[in-house]
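Undergrad: Predicted model and sequence below, questions to follow.
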Amino acid sequence: MKILIIEDEKRLAAVLKKGLEENAFTVDISHDGEEGLYMAETFPYDAILLDIMLPFIDGFTILSKLRAKGIGVPVLMLTARGEVEDRIKGLNTGADDYIAKPFDFSELLARLKSVIRRSKGKPQPLLVIGDLTIDTNSRSVRRAGREVRLSATEYNLLEYLALNTNRVISRSEIIEHIYDTEHDYNSNLIDVNISNLRNKLDKGFDRQLISTIRGAGYMLKGDA
């Protein structure tokens, strides 16, 4: 999952980036509202962490402009503790959730995962697709009760496909949402990860979970 942090406190932004990357998120940062708005309008993100007080353009204006353009990316607003009016204004402007500073990182992580799942129509942390279960909290996977051990990249790819069940996911979308934008890709990277994922998920089972849609991408089908 790819996250955009729009936060002018550079130390806080760096701490958030490090923590999220340790939890397998890909993270971009902007330290001012003008650049943050441009990035949010231009690039696809799975969620945005948005501060209110920013140079050039404030967080409320950024959020209002995104929603006016029909950009429905989940937004978690970072507010000052005790500023109830800010929280109400943020929610009324279109924020999906808020968290007050200072906050516990584990709570922010839980709220972030929650707004992403809700945006995909899957509010529960346990994703169930046929005999496949994915616990997004523990990042564990089971098929027909059997544990499936995945690498971090394989898990991220599977979770993204699962959150978008029955939708064809193109190779470019996978690159945009799963891999670091600074990663040096080779033409076989996605094919190798898909192949490894299939080998681990489908071994001993008749039904193949991930379908290749020729010329379009890949899809995890929700029907048995």
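TA: Structure's in. What do you need? Numbering: from 1, shown residues only.

Undergrad: ok, V73 - contacts?
TA: Residues in contact with V73 (C-beta atoms under 8 Å, 6 or more residues apart in numbering) are 40, 44-48, 66, 119. Every residue, glycine included, has its C-beta placed from N, CA and C.

Undergrad: Kindly report the same for Y45.
TA: Contact analysis of Y45 by C-beta under 8 Å, 6+ apart lists 2-4, 28, 73.

Undergrad: Quick check: the farthest pair among these?
TA: Largest separation among the contacts of Y45 by C-beta to C-beta: D28 and V73, giving 12.6 Å.

Undergrad: follow-up on the earlier one: of the contacts of V73 - the most surrounded one?
TA: In terms of neighbours by other C-beta atoms under 10 Å, the contacts of V73 top out with I48 at 28 neighbours.

Undergrad: Do a quick rundown of the strands in this protein.
TA: For the chain, the strands defined by DSSP state E occupy 2-6, 26-30, 47-51, 75-80, 97-101, 126-129, 132-135, 140-143, 146-148, 210-213, 217-220.

Undergrad: okay, those strands in a markdown table with mean pLDDT next?
TA: A markdown table is the format used below for the strands of the chain (pLDDT from 0 to 100):
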| stretch | mean pLDDT |
| --- | --- |
| strand 2-6 | 97 |
| strand 26-30 | 95 |
| strand 47-51 | 97 |
| strand 75-80 | 92 |
| strand 97-101 | 92 |
| strand 126-129 | 94 |
| strand 132-135 | 96 |
| strand 140-143 | 96 |
| strand 146-148 | 94 |
| strand 210-213 | 91 |
| strand 217-220 | 94 |
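
Undergrad: Mind pulling up the pLDDT for N186?
TA: N186 carries a pLDDT score of 57 in this model.

Undergrad: List the contacts of stretch 115-125.
TA: Contacts of stretch 115-125 (C-beta under 8 Å, 6+ apart): 1, 46-47, 72-76, 96-97, 113-114, 135-137, 163-164.

Undergrad: Break this structure down into its domains, please.
TA: According to automatic domain parsing, the chain is divided into the following domains: 2-119, 126-220.

Undergrad: worst average pLDDT in those?
TA: Looking at the domains of the chain, the lowest mean pLDDT belongs to domain 126-220 (a mean of 89).

Undergrad: What is the distance between it and the centre of its chain?
TA: 14 Å (C-alpha atoms, centre = their mean, to the nearest Å).

Undergrad: about what we covered before: most tightly packed of the strands of the chain?
TA: Mean neighbours per residue, mean count of other C-beta atoms under 10 Å, is largest over the strands of the chain for strand 47-51, with a mean of 25.
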